[in-house]
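Trainee: Fold the following and give me the result.
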Amino acid sequence: MNNMQFNNEQLTAATRQFADTAAKINTIAINTMQDVFNAQVAALTDRAAATFAFMGEAAQVRDMDTAKNLWPKGVQVARENIERAVATTQEVAETATKSAEQIGLIAKGQFEDATAKAEAAVQKVAKTVAKK
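Mentor: Presented below is the predicted three-dimensional model:
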């Protein structure tokens, strides 16, 4: 009975540890998703405002001189849109990398903990066998 109770306690502790680890990883994943979503929405909002402002100006063009003067603004808006898209992509990649590093550290800690427990169990068995 005592051995069974010990095994149940081990199982309970392992289950609790697994749940705690899963909760930490889920929190990191959710925060990452929120950061990525916020970065993308901010970029989209910023660039949509600039694009719509340009389109508003373009809709008012009535002659070739105005159209010629509007061309550099259109190129500028397109360039800024591309630059913002690249910057947002880099920001998302950095966020994902940081999250992966955090999750990796958690996994490493779990692996080290499991290894230490296994080594302790082996040492305990070795001592028991050596006594006999």
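
Trainee: Packing partners of the helix or strand containing Asp20?
Mentor: Asp20 belongs to helix 2-59 when assigned by DSSP states H and E. Other helices and strands packing on helix 2-59, by 3 or more CB pairs under 8 Å, 6 or more residues apart in numbering; DSSP states H and E, are helix 64-131. In this view, the C-beta of every residue, glycine as well, is placed from N, C-alpha and C.

Trainee: quick one, the helix it packs on and helix 2-59 angle?
Mentor: 170 degrees (axes from the mean of the first three to the mean of the last three CA atoms, to 10 degrees).

Trainee: average pLDDT for helix 64-131?
Mentor: Averaged across helix 64-131, the pLDDT comes to 90.

Trainee: centre of the chain versus that helix, how much separation?
Mentor: Distance of helix 64-131 from its chain centroid, counting by CA atoms, centre = their mean, to the nearest Å, is 6 Å.

Trainee: Count the residues that sit near Gln17.
Mentor: Residues contacting Gln17 under the criterion other CB atoms under 10 Å number 13.

Trainee: Can you tell me how far it is from Thr89?
Mentor: 37 Å (CB to CB, to the nearest Å).

Trainee: Might you report the residue contacts of Thr66?
Mentor: Gln60 (CB atoms under 8 Å, 6 or more residues apart in numbering).

Trainee: Over to the one 4 residues further on?
Mentor: When the contact criterion is CB under 8 Å, 6+ apart, the partners of Leu70 are 54, 57-58, 61.

Trainee: Narrow those residues to just the buried residues.
Mentor: By neighbour count, with 16 or more other CB atoms under 10 Å, these hold Phe54 as buried.
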